[in-house]
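Chemist: Need the 3D shape of this:
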Amino acid sequence: MQPPNITLSNVIRASEDFLEQFHSTLLLPIPIEEIVELKMGIALVVIPGIKDLIGVDSFISADFSQITVDEYSFTTYLERTRFSIAHEIGHYILHKDWYEQNGPKSIEDYLTFYDRIDSEVYKYLEIQAQTFAGLVLVPKEALLKELKNKMGYVPTQEALEIFAPVYQDLLNAFQVSGEVLLRRLQKDGIVKNNF
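Modeler: As a prediction, this is how the structure comes out:
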């Protein structure tokens, strides 16, 4: 199984196109749940015990008609669930053709899918979906705007400590985890990458 040939530039462009199509106002937080269900017509199905059964807290169906989310994660970890939904949409947007050919076709097939897929191919697909999710939930334009509003300027290559007074405000605005926000701050060159 060869991975699809997708570059970082392709992922960035796909996230920008997605937001332009489904939420061009960039009003925060990005309403990923509403976009998926109401604008894309993909059902969000919450089921208890999925994480225990297959080891992940969400997955998109083989026909891309629904995203199944673990009930405990859904009710306990809002930020994680939002990221998981955006991550699955990343697979849909970036990897649909590849998954139609190579992906699991049922829950039973999903259980053995990871035994069949090369670990490097899997890592490649996951990094792309994670990057897409981060870019969708914390768009660069919105992040820069929030920083300018909260700090009076847009920092460049600053130490993380400078963000302490506004960090929680940023987390609340974007409704993402600290890890996702930190990654976006690093990738956009706002925070130094050397810690």
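Chemist: just checking, what packs against whatever helix or strand Ile89 lives in?
Modeler: Assigned by DSSP states H and E, Ile89 belongs to helix 78-102. Judged by 3 or more CB pairs under 8 Å, 6 or more residues apart in numbering; DSSP states H and E, helix 78-102 is in contact with helix 8-22, helix 32-34, strand 58-60, strand 66-70, helix 71-76, helix 119-137. Yep, even glycine has a C-beta here, placed from its N, CA and C like the rest.
Chemist: separation between Met40 and Val69?
Modeler: Remark: distance between Met40 and Val69 (CB to CB, to the nearest Å) = 15 Å.
Chemist: looking at the helices and strands packed on helix 78-102, which one has the lowest mean pLDDT?
Modeler: Set side by side, the helices and strands packed on helix 78-102 give their lowest mean pLDDT on strand 58-60, at a mean of 92.
Chemist: Within its sheet, name the partner strands of that one and how each one runs.
Modeler: With DSSP bridges as the test, strand 58-60 is paired with strand 66-70 (antiparallel).
Chemist: Can you check what angle separates the strand it pairs with from helix 78-102?
Modeler: With axes from the mean of the first three to the mean of the last three CA atoms, to 10 degrees defining the directions, strand 66-70 sits at 130 degrees from helix 78-102.
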